[in-house]
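In: dropping the sequence and predicted coords here.
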Amino acid sequence: MTTDQFWQIIEEARGGSSPELASASSHDLAAILAKLSDEQVKEFVKHFYNCLIELNRWNIWGAGYVVSGGMGDDSYHYFRSWIIGKGRSAYNQALSDPDLLGPWIDNPEEMDNEELEYVALNVLESRGVEDDPRDDIEESPDDDPQGEPFDEDEVERSYPRLSAKFA
């Protein structure tokens, strides 16, 4: 599975690529993945996991923190799944300048898409596939984030656009 195919599946599961559309539906994603081979679903899992790892940056956590008014370890993990579920443009925006994520945030109280991370694994499990494709990847999305940690007392200054809209 190519990177383009991965993002096409995400866009299909969210009903398009417009920023104001919700994060991808786990139900719709399951229906799409059910049509793919085991190997394709395994590749999807690897792409998703690698995206979670790539998004594991303090500056992205800081953006989520500002919008939601605080964000712990678990909610930060689910926030990254939400970003992936918003599609390639949101993902790329988060990586390049997370202060510009505002147009993708339809509801600051629902920046969580935990289920999305497990859909492909559930499809494989329902087929009797026992090996976890994530085991082939050395890094973990729960490793320490990349970059410099933010100061909770100063974080809003680092994200002036998000702070103006959500803080």
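Out: Structure received.

In: OK, contacts around the nearest residue to F150 once chain neighbours are set aside?
Out: Spatial nearest neighbour of F150, chain neighbours left out: G62 (4.0 Å); criterion: C-beta to C-beta, 6 or more residues apart in numbering. Heads up, the C-betas are built off the backbone N, CA and C, glycines and all. With contacts defined as C-beta atoms under 8 Å, 6 or more residues apart in numbering, G62 is in contact with 98, 150, 155, 158-159.

In: state the helix or strand in which the most centrally placed residue in the chain lies.
Out: Here the mean C-alpha position of the chain is nearest to the C-alpha of S81 (C-alpha atoms, centre = their mean), at a distance of 2.6 Å. S81 is part of helix 73-85 when elements are defined by DSSP states H and E.

In: contacts for that helix, please.
Out: With C-beta under 8 Å, 6+ apart, helix 73-85 has contacts from 10, 13-14, 23-24, 48, 51-52, 55-56, 60-61, 64, 68, 71, 90-91, 94, 101, 104, 110-114, 116-117, 141-142.

In: now that helix, how far from the chain's geometric center?
Out: 5 Å (C-alpha atoms, centre = their mean, to the nearest Å).

In: what about that helix, average pLDDT?
Out: The average pLDDT within helix 73-85 is 96.

In: list the buried residues for it?
Out: If you call a residue buried by 16 or more other C-beta atoms under 10 Å, then helix 73-85 has these buried ones: 75-85.

In: could I get the residues you listed as CSV with distance to S18?
Out: Output for the buried residues of helix 73-85, formatted as CSV (distance: C-beta to C-beta, whole Å):
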residue, distance to S18
S75, 25
Y76, 25
H77, 26
Y78, 22
F79, 20
R80, 21
S81, 19
W82, 16
I83, 16
I84, 16
G85, 14
